[in-house]
Each structure stands twice: as structure tokens, then as C-alpha cells.
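Chemist: Need the 3D shape of this:
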Amino acid sequence: MELPENESTILSATLSLHPKSKSFLVSVSKKCITMRPAATHQRQHDSSADEGGSSHQIQLADVIGCACAKGKASSNQNAYLSIFAYPHVKKFGSKKTARQRQVKTLIFDAGKDFQVNNATAMQWKSVICNLLRNIEITRSEALLPSLKSPGALNYLVLVNPFSGPGKALQIFQQRIVPVLAEAGIRYHLRITEYAGHAKEIARTLKLEEWSGILIVSGDGLIFEVVNGLMARDDWEKAIKLPIGALPGGSGNALCCSLLFRAGEPYLDNCVLHASFMIAKRAVAPMDLVAVDLSSGERLYSFLSIGWGIIADVDIESEKYRNLGNTRFTVGALVRILGLRKYRGRLSFLPVDGSPCHIKRSQSEMLPTVLDSQGSTGKYFEHSISMIDTGTVNRNEKGTKPWGGAKKQESDGTSRVSVTCEPMKTSGSVITDAGGGASGKTAPEIGTSLLVPLAEPIPATWTTVEGDFVAVIGLYQTHIAQDMVAAIDSKLDDGLIHLIFMRGSASRIRLIRLFAAMLSAEPLPDDPALDIVKVHAFRLEPLTPDGNLTVDGEVVPYGPIQAQVLPSMARVITLHAADCPETTQL
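Modeler: This next block holds a predicted model:
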């Protein structure tokens with residue numbers, strides 16, 4: 001097996017491969033570790049010779065760490081270097097692949113004693129560990145005795161033992177800890193004891209002690225941590241502490257969104273793939289969304305705002321939590337059979353340059369489209385114009401409701417760059433996820449697109465009033481572990497994907513909608529379904545009773561509004577082409 005021409009060898013030596021002790025020429029480059037039978041190298045044979053599959057190449061993108069060891073026998077003076085890799089392997093009888101653990105152990109035996117052999121093995125370990133952290137190493141630097149491995153990361157791990165089916169602690173101890181050990185990651189475990197405990201921990205922890213926070217739970221604990229970090233006096237620094245999501249609950253939407261975005265399996269052995277993601281140490285910016293509630297509270301959301309059937313399924317499926325993520329599928333079927341409709345008013349600010357498609361149907365009455373004053377007779381003048389295709393565009397004469405800078409994207413749309421400036425009014429109390437005031441005010445972050453809930457919306461917003469089956473504002477791809485609702489959502493696109501199903505939707509249409517989510521396909525083209533990319537929105541429920549959720553947590557029922565805060569937080573993910581801002585811890 002020949003090294004790619006664009007690869008430069010950093011280290012090379014003739015070593016034995018445990019346990020058969022056959023000699024290999026082992027080469028380390030910036031992207032891979034190649035092992036070729038020594039005899040093949042000496043005869044200058046290529047990989048098509050009769051050596052069969054005896055040559056090996058390990059991509060560093062699949063490697064999470066390596067470790068040195070000594071033989072068990074006291075007379076054994078060899079040193080051993082084990083390389084831990086998790087390459088994609090095709091599943092039997094399927095075209096799909098999944099990561100599978102593979103260990104290659106090199107034997108260093110050229111020295112007279114263990115100290116000499118171990119020093120060489122440690123040198124190789126240092127080179128590989130530096131390359132895994134994207135630290136440039138030249139051939140001359142690789143041979144320097146002073147070369148050291150990068151410092152180990154130290155994570156705070158939060159586990160909710162009652163999340164989902166109640167197996168989070170077992171999952172962590174039996175399936176996640178071994179991967180962290182192979183990656184050389186240190187951690188301190190905290191088990192949450194009550195609702196709001198994670199928020200309290202996040203609000204009081206010493207930032208300088210941790211490389212990040214790993215959360216083994218569902219999305220609820222992530223919600224607590226985000227709001228705990230945002231409730232600190234030093235929130236601007238605290239919210240940049242990387243957050244890692246590991247599946248221990250029944251929702252796991254953020255974890256699966258991160259895996260889906262990186263092209264990793266998220267249903268097949270989600271724990272292994274999420275642990276691999278943590279071990280690779282890549283960090284990317286993630287949008288948050290500021291949410292104002294009717295109670296006057298300000299929350300910060302990383303996932304979604306739901307009303308109608310989406311919120312009903314989330315809350316009412318709690319009785320099926322022992323089923324794990326299947327609870328949402330069961331809950332959806334139950335709620336579709338007992339379909340409810342809710343009347344409400346939905347207002348939003350579409351992405352500039354991205355028209356809002358409000359669909360018409362011959363068989364139904366369109367929801368009323370209003371201006372910001374609630375009048376049906378002035379909307380052509382103030383906020384929108386309706387054209388024959390059913391497309392609703394904002395009036396070109398309308399004034400911009402915000403002063404933030406805009407960045408032109410390749411698809412012709414523009415992205416709001418929101419400056420987080422202190423508001424003149426005081427912050428409001430954040431409520432703990434489990435209920436009860438935290439006693440800490442929210443940071444005074446300026447949300448220039450929003451006006452107080454008691455005031456009319458800006459004139460350039462679009463408003464739709466009518467009967468709805470569901471409204472969801474989503475900023476990840478997933479709304480549950482096995483449900484993809486915004487397939488083109490990105491971590492830091494500065495957008496809210498506003499999805500609403502109107503009251504004309506039949507049970508068959510809803511089944512098709514949920515079927516598309518379960519199969520990770522684009523949502524169906526349905527006359528009752530609208531999908532709008534927005535920077536901000538307001539929802540005013542007019543039906544007296546219902547469920548309203550933020551990141552799957554119940555919030556006071558009533559008017560709610562939200563604005564995206566681009567790239568506010570940071571999450572541990574995998575390097576992806578659509579996120580050039582990804583960095584390495």
C-alpha cells in the first residue's frame with residue numbers, strides 16, 4: 001500500500017504488530033498511519049502482490065487516542081503502543097455503515113531494555129496525539145526528545161439518572177467511560193439530584209477548571225445547563241464553555257442533530273457514535289434563541305419552541321417514557337387519532353430575500369393575514385402583498401425593524417448579525433426547568449428585533465391568524481431522536497425554521513408528515529403545511545387551553561416570542577464541510 005503522493009511521512013520504523021509479531025514498515029503522516037509488511041517493502045512490491053490483506057492503513061480521522069504499556073512478564077523488555085480507532089465498517093447485508101472499534105498494537109523491541117523501548121513508544125504517542133489535536137508536526141520536530149503530548153482535557157460530566165428509561169448512569173459507566181479513557185480524557189462526575197440541579201451547578205461552577213461540560217441525559221438537562229450559564233454575571237464567557245451531548249434520555253434531539261449534520265449514524269448505536277464525537281474534540285458555534293414568555297420571564301433555547309400536536313406529544317408521551325425514544329412515535333399516533341385544533345395568531349419576520357410561501361387551497365378557508373395592528377384592510381399598505389401564486393412578500397416600502405448588520409449568503413439570502421448590547425430595562429427572572437424561581441436575573445441581552453409582548457408587532461412582520469394543528473420553531477435538524485423536521489438546518493445559520501400545519505390538515509396528512517420525519521426525508525409538499533425561515537416570531541394562542549414547550553420543557557401558556565442569537569454558544573461536534581468555523585480543543 002503506497003502512501004498518497006500529497007502525504008509526507010513524519011515518522012517511520014520497522015516494528016512488529018501484536019500479537020503475531022510479524023514485521024511491518026510503519027509510517028505516520030498527517031492524515032494516516034500505514035503498515036506494510038517489511039518483506040513487501042524490501043522487494044518494493046505494491047499492495048496488489050500476494051500479501052493479501054496484510055497491509056493496513058488507519059485514518060487519523062478515525063483515531064481517538066493511543067496508549068503505551070509494558071508486557072506482563074517481568075522478563076519482557078518490549079514496549080507496546082496501542083492505537084484506538086473507530087472506522088466506518090459496512091454492516092452485514094446492508095449498504096449502511098457504522099463505526100466499529102479497532103485496536104492496532106505496535107511492539108517496540110529495538111532497545112536493550114524497557115526504558116529505551118518505552119521512550120521510543122512515548123515519542124510516537126506524542127506525535128500521534130499532537131496530530132489528533134491538529135497541531136502541526138514536522139519530521140525534525142517528531143524526533144526531538146522534548147516533544148510532549150498535548151495537555152489532557154478535563155470535563156465536568158452531568159448525568160441525570162432518572163432521564164428517559166432511567167439508564168443514563170449505566171450508559172455512562174459501561175459504554176462512555178471506556179471511550180473517554182482511550183481518548184485520554186479526564187472527567188469529574190456529578191449526578192443531578194432534582195429538577196433545576198444542573199442549572200444551579202452551571203451557574204456556580206468555576207469556568208477555569210473545565211474544558212467543557214458533557215451531559216448524559218435527554219435535552220432537558222442541556223436546557224438547564226444553557227440557562228444556568230446564561231444566568232451568570234460572566235455569561236458572555238460562560239456560554240462559550242463547550243457543551244457535549246451524549247444520549248441518556250428519550251429525546252436526545254441535539255445529540256442526533258449533531259451526528260446527522262456530520263453524516264454519522266444516529267439511530268444505530270447512538271451512544272458509540274456520540275462518544276466518538278466527544279473524543280474527537282472538535283468545537284463549533286451554535287445559535288441560541290432568546291425566548292420571552294407571557295409571565296415576563298426570559299429563557300434561552302437551543303432546540304425548539306412547540307405548540308399544538310408537537311407540544312402535546314412531547315408532554316403527554318411522558319407516560320410512555322420507559323419506551324425510550326419510541327415514546328414519541330407512540331404519542332404521535334395517539335394524538336393523531338384524537339386530533340386537536342388550536343386557534344392562534346402567528347407573526348414572524350422572514351429572512352430578508354427569502355419570500356414567505358403561504359399556501360392556498362380550494363378546499364379550505366385561508367387563515368386571516370393581518371398587519372401589525374390587527375387590521376385586515378391595511379395589510380397591503382403596511383406589511384405584505386398577496387400575489388396569485390400564494391406567495392406573501394413583505395412590502396418593499398416597509399422600514400427595517402432592526403439595525404443589525406447583514407451578511408449576504410451564497411443562496412441570495414442575508415443573515416442577521418445581531419449585536420448583543422445591554423438593554424435599558426432590567427432583566428427578568430429565569431424559571432428553573434423543574435419549576436420555581438432561580439433568584440437570578442437573565443442577562444440583559446439586546447434583542448433588537450423584538451418589542452415587548454404587550455406592544456404590537458413591527459409593521460414589516462407577517463401575521464397569520466386561524467386554526468392550527470401544530471406550530472414549531474426549530475433550529476436543529478431533529479425534534480426527537482428519530483424525527484428530522486428541518487433537514488437543512490445548520491448549527492449557526494442564524495435562522496429559525498418556522499413550521500406550521502394549519503387546521504385543514506387531515507389525519508392522513510399528519511401521518512405523512514410524521515412518516516417523513518421518521519425517515520429523515522424532506523417534509524411533504526402539503527397545502528396545509530408552511531415552512532418559513534425567520535429571524536424572529538411571535539405566537540399568540542387564542543384557544544384557552546393547550547401545551548407550550550421550549551426545548552421540550554413546559555412553559556406558561558400564553559403569548560410567546562423569540563429571536564435568534566447567532567453563534568452564541570459552542571458545542572462539541574465533528575468537523576463538517578458546512579461549518580468552516582469548527583475548531584479543535
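
Chemist: isn't there a strand covering residue 329?
Modeler: No: under DSSP: H, G, I helix; E, B strand; the rest coil, residue 329 sits outside any strand and is assigned helix.

Chemist: burial measure for it, as a count.
Modeler: Counted with other Cβ atoms under 10 Å, residues neighbouring residue 329 total 19. Heads up, the C-betas are built off the backbone N, CA and C, glycines and all.

Chemist: tell me the secondary structure for the nearest residue to residue 545 once chain neighbours are set aside?
Modeler: Leaving aside its sequence neighbours, residue 545 sits nearest to residue 557 (Cβ to Cβ, 6 or more residues apart in numbering; 7.3 Å). Taking three-state DSSP as the rule, one finds residue 557 in the coil state.

Chemist: and residue 93, what does it touch?
Modeler: Listed by Cβ atoms under 8 Å, 6 or more residues apart in numbering, residue 93 has no contact partners.

Chemist: All the strands of the stretch 1-150 of the chain, residue numbers only.
Modeler: For the stretch 1-150 of the chain, the strands defined by DSSP state E, counting those that start in this stretch occupy 9-18, 22-29, 32-37, 56-59, 63-70, 79-85, 88-90, 97-99, 102-108.

Chemist: can I get those in JSON lines with distance to residue 173?
Modeler: Output for the strands of the stretch 1-150 of the chain, formatted as JSON lines (distance: least, Cβ to Cβ, whole Å):
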{"stretch": "strand 9-18", "distance to residue 173": "28"}
{"stretch": "strand 22-29", "distance to residue 173": "33"}
{"stretch": "strand 32-37", "distance to residue 173": "31"}
{"stretch": "strand 56-59", "distance to residue 173": "28"}
{"stretch": "strand 63-70", "distance to residue 173": "19"}
{"stretch": "strand 79-85", "distance to residue 173": "19"}
{"stretch": "strand 88-90", "distance to residue 173": "26"}
{"stretch": "strand 97-99", "distance to residue 173": "20"}
{"stretch": "strand 102-108", "distance to residue 173": "21"}
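
Chemist: Just the pLDDT for the residue sitting nearest the centre point of the chain.
Modeler: Geometric centre of the chain, nearest residue: residue 258, 3.5 Å, by Cα atoms, centre = their mean. You'll see residue 258 listed with a pLDDT of 96.

Chemist: Confirm that it sits in a helix.
Modeler: Yes: if the criterion is three-state DSSP, then residue 258 is within a helix.

Chemist: hang on, it packs against residue 575?
Modeler: No: using Cβ atoms under 8 Å, residue 258 is not in contact with residue 575; the gap is 11.8 Å.

Chemist: Mind putting the strands of the stretch 1-150 of the chain into a markdown table with mean pLDDT and mean neighbour count?
Modeler: As requested, the strands of the stretch 1-150 of the chain are exported to a markdown table (pLDDT from 0 to 100; neighbours: other Cβ atoms under 10 Å):
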| stretch | mean pLDDT | mean neighbour count |
| --- | --- | --- |
| strand 9-18 | 92 | 17 |
| strand 22-29 | 92 | 19 |
| strand 32-37 | 94 | 21 |
| strand 56-59 | 93 | 16 |
| strand 63-70 | 96 | 20 |
| strand 79-85 | 97 | 22 |
| strand 88-90 | 93 | 13 |
| strand 97-99 | 94 | 17 |
| strand 102-108 | 96 | 18 |
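
Chemist: Would you mind saying which of the ones you listed lies nearest residue 242?
Modeler: Of all the strands of the stretch 1-150 of the chain, it is strand 63-70 that lies closest to residue 242, at 16.7 Å by Cβ to Cβ.
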